[in-house]
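Enquirer: Whatever this is, show me its structure:
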Amino acid sequence: MDVRMPKGLGGQNDDYPNPELFFGAAYSACYDGALNLVARMERFKITSTTTANVSIGKVEDGSLAISVVLDIDVQGVDKETAQKLIEKARPDTGIDTQSLTQGRWQLVPTRGRD
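Expert: So this is what the prediction gives:
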């Protein structure tokens with residue numbers, strides 16, 4: 001598969017997939033699997049969809065960093081239970097978690113932040 005840098009980062013065009021697309025697909029699939037495993041362990045039957053919105057940009061020190069916003073839809077349980085399952089499934093990655101509200105979870109890199 002031919003993977004190239006997107007135009008916004010200096011690539012020639014956006015006609016090819018870029019690494020951030022694959023990162024988002026892998027991350028959302030992995031998280032959704034963890035969410036469903038947690039639900040099964042808690043004896044809940046759910047259906048879920050997790051979409052990763054990946055962006056790349058400069059942080060305070062001028063370096064580039066990836067930012068991921070996971071949009072998580074959980075069906076089959078009430079909102080409070082869904083929130084608890086979402087929180088239990090979050091990875092222990094050393095990445096700050098912010099905005100864990102309404103099934104929208106923003107991950108931002110810790111590097112370059114206070």
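
Enquirer: Help me confirm that K45 is found in a helix?
Expert: No - using DSSP: H, G, I helix; E, B strand; the rest coil, the assignment for K45 is coil, not a helix.

Enquirer: now it, nearest residue through space, not along the chain?
Expert: G76 (5.6 Å; Cβ to Cβ, 6 or more residues apart in numbering). To be clear about C-beta, it is placed using only N, CA and C from the backbone, and glycine gets the same treatment.

Enquirer: Can you give me the buried ones in the strand or helix carrying S28?
Expert: Secondary structure assigned from DSSP states H and E places S28 in helix 19-41. Across helix 19-41, burial judged by 16 or more other Cβ atoms under 10 Å covers 20, 24, 27-28, 31-32, 34-36, 38-39.

Enquirer: The residue nearest to K45: how many residues sit nearby?
Expert: 12 (other Cβ atoms under 10 Å).
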